[in-house]
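Engineer: Pasting the sequence and the predicted model now:
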Amino acid sequence: MDLDSVADELYGLRPQEFTAARDARVAAARTDGRRGLADEIRRLRRPSLSAWAGNILVRARRDEVGPLIELGEALRAAHRDLDGPQLRALGRQQHQLVTALAGQAVRLAADAGHPLGPDARREVQETLRAVLADAEAARQWASGRLTGPLVPSAGFPAAGTGAPAAAASPT
């Protein structure tokens, strides 16, 4: 048992299962004499409903993680280069991909017994927009371990800056 394997397990569970499973892993680590690991596991936070929906999207649609991250890289490059035609073309792709992925997250959550309300749906979309705007947000989302929604920055960072989106700690 290590922190990564426990975190992967926990963030794949439904929200109502998280706390009991985390506490069981803490107890198991303590029983094994691994107090430091137990403390690290105890610090893992239950994800919000929208973060959980984003996590299950990443896990269930792993093949769609790359295209969103690649689109974000292309959008950031077009923004840095001030490439208007490319920005317009990529903007259309952005809208289509965010809408499609958010819809998939909503369906996955509903299929798992947790329909998303309007606020959680909006947070899923905001998380996906943050992934497009910020490479660090993309890394966090792709981990499948979000605890809260990612919040997109006001716009893409200016050339030469790396202003990250506000984000919930993945682990």
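Structural biologist: Ah, there it is. The shown structure was predicted, so the numbers you read here are calculated from the model rather than taken from an experiment.
Engineer: Which strand or helix spans the most centrally placed residue in the chain?
Structural biologist: Nearest to the mean C-alpha position of the chain, by C-alpha atoms, centre = their mean, lies Trp141 at 2.8 Å. Under the criterion of DSSP states H and E, Trp141 resides in helix 135-142.
Engineer: thought Val106 was touching Val124?
Structural biologist: Yes - using C-beta atoms under 8 Å, Val106 is in contact with Val124, at 7.1 Å. Where C-beta positions appear, they are placed from N, C-alpha and C, glycine not excepted.
Engineer: tell me, what's touching these two both at once?
Structural biologist: Common contacts of Val106 and Val124 (C-beta atoms under 8 Å, 6 or more residues apart in numbering): 53, 116.
Engineer: Give me the mean pLDDT for stretch 60-80.
Structural biologist: Averaging pLDDT along stretch 60-80 gives 93.
Engineer: Distance from it to the middle of the chain?
Structural biologist: Its chain's C-alpha centre and that of stretch 60-80 lie 13 Å apart, by C-alpha atoms, centre = their mean, to the nearest Å.
Engineer: Could you list the residues in contact with it?
Structural biologist: For stretch 60-80, the external contacting residues (C-beta under 8 Å, 6+ apart) are 57-58, 83, 86-87, 90-91, 93-94, 97, 101, 104, 108, 128, 131-135, 138, 141-142, 156-157, 159.
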